[in-house]
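J.: Let's see this in three dimensions:
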Amino acid sequence: MAESAVGLVKRAALEAVQAARPLELRFGTVSAASPLSVKVEEKLVLSGSFLLVPQRLGDLQAGDRVALLRVQGGGLYLLLDRLGGAS
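T.: Residues are numbered from 1 along each chain as shown. Sure thing, here's the model as predicted:
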């Protein structure tokens, strides 16, 4: 089925907004250390295959709060730093 003109305009507007924000800062909590998983939202838990982890952060522990950058498209998240343990 062909996309309507309104649908095309909506999609173009969404793509323009996403292109203006190539990175998005997110915060999460390490839910498991091995294998690594980070809970970003109530329903979003990232596994190791979606995370780019710098070598210096290889010793993350469950409960650690972390800062992440979401790469445009949402496929990968770069782990920026540890923010401390859960309070």
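
J.: can you give me the helices for the protein?
T.: In the chain, the helices defined using DSSP state H lie at 5-20.

J.: Give me the helix or strand of it that scores worst on average pLDDT.
T.: Using mean pLDDT, DSSP states H and E, helix 5-20 stands out as the lowest-scoring helix or strand of the chain, at a mean of 78.

J.: which residues of this structure score low on pLDDT?
T.: For the chain, the stretches with pLDDT under 70 are 1-2, 18-21, 73-74, 85-87.

J.: any idea which strand is longest in it?
T.: strand 23-33 (DSSP state E).

J.: returning to what we had before: any idea of the angle the least confident helix or strand of the chain forms with strand 23-33?
T.: Here the directions of helix 5-20 and strand 23-33 differ by 80 degrees (axes from the mean of the first three to the mean of the last three Cα atoms, to 10 degrees).

J.: what about stretch 42-56, how long is it end to end?
T.: 27 Å (Cα to Cα, to the nearest Å).

J.: cool, and stretch 24-44?
T.: Span of stretch 24-44 from end to end, Cα to Cα: 15 Å.

J.: Tell me which residues are up against it.
T.: With contact meaning Cβ atoms under 8 Å, 6 or more residues apart in numbering, stretch 24-44 is reached by 45-48, 51, 53, 60-70, 77, 79, 83, 86. Placement of C-beta: from N, CA and C, glycine included.

J.: Of those, keep whichever come out buried.
T.: Among the contacts of stretch 24-44, the ones that count as buried by 16 or more other Cβ atoms under 10 Å are Leu46, Leu51, Leu60, Asp64, Arg65, Val66, Leu68, Arg70, Tyr77, Leu79.

J.: out of the residues you listed, who's nearest Ala12?
T.: If you rank the buried ones among the contacts of stretch 24-44 by distance to Ala12 using Cβ to Cβ, Arg70 comes first, at 21.7 Å.

J.: For the closest one, give its distance to Arg56.
T.: 20 Å (Cβ to Cβ, to the nearest Å).

J.: just Leu44 next, same as before
T.: 25 Å.

J.: With that, I have no additional questions.
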